[in-house]
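Asks: Pasting the sequence and the predicted model now:
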Amino acid sequence: MGLFNKIFSKEKKEKLDSGLEKTKESFLSKLTRTVVGKSTVDAEVLDNLEEVLISSDVGVDTTLKIIDRIEARVSKDKYMGTDELNNILREEIAALLSENNTVDQVEFNVPETEGPYVIMVVGVNGVGKTTTIGKLANALKKQGKSVVLGAADTFRAAAVDQLIIWSERVGVPIVQQGMNADPASVAFDTLQSAKAQNADVAIIDTAGRLHNKVNLMNELTKIKTVMNKVIPDAPHEILLVLDGSTGQNAFEQAKQFSLATEINALAITKLDGTAKGGVVIGISDQMKIPVKYIGVGEGIEDLQVFNKTEFVDSLFS
């Protein structure tokens, strides 16, 4: 299969295309302006391309890496037409994503584990964390998985209430003790319940109070320690949810959370409402953490598994 052959269903691909429309329009229009009146890729074109990538929220370090790679190809090929620039960019961005352990996924799934597969979800308020949990639970349920939710973001009553609404909407059980309960206690009970029900997946919501990293670190460490007593190796996945519309601020949040706990998967939301979709590339490259899910709309089906091949294709098509 060629690098950019379609591997999503037509419906999923159309949703991804429309979800990235603002980013694509902004990016391609800027890219077109960099090559106006130019027939070959020269130093001026590369300087302009650098500006385009940085202004598209790819990030400075990742942009310089991409420019270095293209410069190497230009010097090797001696003559490179500007009409080739699109394809070269596509290839280099896809290659970067591959290097960061980002695996091309087509369907929602979780690895086989002894007992439930445990996902601990972290992220600051307002990024779409609870909504992402609800949509993920829905997607996994549609794949035939039994899911239990745990409302361990007990710092805000709204977070518990919102997760209860999602559990009812999706039709999956939830374990909750209300506001101000001990988050670790909620996590412990959730895993006990998931284990007793022979559930396939347990998804634990947590508070994301970044203003005090020490407290956050201590809380997340305690939750992980308690979960480990019920299911060894839990949590199997620590999923950081980021708001793609905040651009480089999302990257800063990713850095802060990685200092507080060990993140091994990313979900980037709200890409449909922004022209800053390039942040997906920068965060993945700089953090060396695979992007696992992206949000491309407000509907319950609008959380998609991240597929770098389709993402890059949608960005450039």
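Replies: Perfect, I can see it now. Quick caveat: nothing in here was measured; it's all calculated off a predicted structure.
Asks: and residue 36, what element?
Replies: Under the assignment given by DSSP states H and E, residue 36 is not contained in any helix or strand.
Asks: most centrally placed residue in the chain?
Replies: The chain has residue 267 as the residue nearest its centroid, 2.4 Å off, counting by C-alpha atoms, centre = their mean.
Asks: Quick one: residues contacting that one.
Replies: By C-beta atoms under 8 Å, 6 or more residues apart in numbering, the residues touching residue 267 are 132, 136, 239, 240, 241, 242, 291, 292, 293, 294, 295, 303. Where C-beta positions appear, they are placed from N, C-alpha and C, glycine not excepted.
Asks: With adjacent residues omitted, what lies nearest to the fifth one?
Replies: Same thing as residue 241. What sits nearest to residue 241 in space, not counting adjacent residues and going by C-beta to C-beta, 6 or more residues apart in numbering, is residue 123, at 3.6 Å.
Asks: Okay, now the unreliable bits of this structure?
Replies: Low-confidence segments of the chain (pLDDT under 70): 1-8, 78-79, 101-104, 106, 210-213.
Asks: Could you report the neighbour count for the nearest residue to residue 109 once chain neighbours are set aside?
Replies: Nearest residue to residue 109, sequence neighbours excluded (C-beta to C-beta, 6+ apart): residue 143, at 6.2 Å. Using other C-beta atoms under 10 Å, residue 143 has 14 neighbouring residues.
Asks: now do residue 45
Replies: Other residues near residue 45 come to 19 when the count uses other C-beta under 10 Å.
Asks: does it really touch residue 34, like I thought?
Replies: Yes: if you go by C-beta atoms under 8 Å, residue 45 and residue 34 touch, sitting 5.9 Å apart.
Asks: Parallel or antiparallel, which strands does the helix or strand hosting residue 239 pair with?
Replies: Assessed by DSSP H and E, residue 239 sits inside strand 237-243. Using DSSP bridges, the strands paired with strand 237-243 are strand 117-122 (parallel), strand 265-269 (parallel).
Asks: CA atoms only: put it into CSV for me.
Replies: Provided in CSV are the C-alpha atoms of strand 237-243 (Å, rounded to 0.1, in the frame of the first residue of the first chain):
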residue,chain,number,x,y,z
GLU,A,237,-2.1,4.1,29.7
ILE,A,238,-1.8,7.6,30.9
LEU,A,239,-3.6,9.7,28.4
LEU,A,240,-3.0,13.5,28.3
VAL,A,241,-5.9,15.5,26.7
LEU,A,242,-4.8,18.8,25.1
ASP,A,243,-6.9,21.5,23.4
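Asks: Quick check: buried residues in it?
Replies: Buried positions in strand 237-243, judged by neighbour count with 16 or more other C-beta atoms under 10 Å: 237, 238, 239, 240, 241, 242, 243.
Asks: Just read off the phi/psi values of residue 202.
Replies: Torsion angles at residue 202 (phi, psi; degrees, to the nearest 10) stand at phi -120, psi 130.
Asks: now it: how far from residue 276?
Replies: 32 Å (C-beta to C-beta, to the nearest Å).
Asks: repeat for residue 45
Replies: 23 Å.
Asks: What's the end-to-end length of stretch 119-129?
Replies: In stretch 119-129, first residue to last residue: 13 Å (C-alpha to C-alpha, to the nearest Å).
Asks: In it, which residues are buried?
Replies: Neighbour-count burial for stretch 119-129, counted by 16+ other C-beta under 10 Å, picks out 119, 120, 121, 122, 123, 124, 127, 128, 129.
Asks: Could you pull up the residues touching the last one?
Replies: For residue 129, the set of contacting residues under the criterion of C-beta under 8 Å, 6+ apart consists of 121, 122, 123, 153, 205, 208, 241.
Asks: can you tell me which two in those residues are farthest apart?
Replies: Distance extremes for the contacts of residue 129: the farthest pair is 153 and 241 at 11.6 Å, using C-beta to C-beta.
Asks: Touching, residue 69 and residue 92? I think so.
Replies: Yes: with contact defined as C-beta under 8 Å, residue 69 reaches residue 92; the gap is 4.9 Å.
Asks: now the helices for the stretch 151-300 of the chain?
Replies: Counting by DSSP state H, counting those that start in this stretch, one finds helices in the stretch 151-300 of the chain at the ranges 157-170, 183-196, 213-230, 248-260, 279-287.
Asks: Make TSV out of these and add mean neighbour count and distance to residue 310.
Replies: TSV is the format used below for the helices of the stretch 151-300 of the chain (neighbours: other C-beta atoms under 10 Å; distance: least, C-beta to C-beta, whole Å):
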stretch	mean neighbour count	distance to residue 310
helix 157-170	18	25
helix 183-196	21	32
helix 213-230	17	32
helix 248-260	18	21
helix 279-287	25	12
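Asks: can you pull out the strands in this protein?
Replies: For the chain, the strands defined by DSSP state E occupy 117-122, 147-152, 174-175, 201-206, 237-243, 265-269, 291-295, 303-305.
Asks: Just send those strands back as a markdown table, with distance to residue 282 too.
Replies: Formatted as a markdown table, these follow (distance: least, C-beta to C-beta, whole Å):
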| stretch | distance to residue 282 |
| --- | --- |
| strand 117-122 | 20 |
| strand 147-152 | 30 |
| strand 174-175 | 35 |
| strand 201-206 | 25 |
| strand 237-243 | 11 |
| strand 265-269 | 11 |
| strand 291-295 | 11 |
| strand 303-305 | 19 |
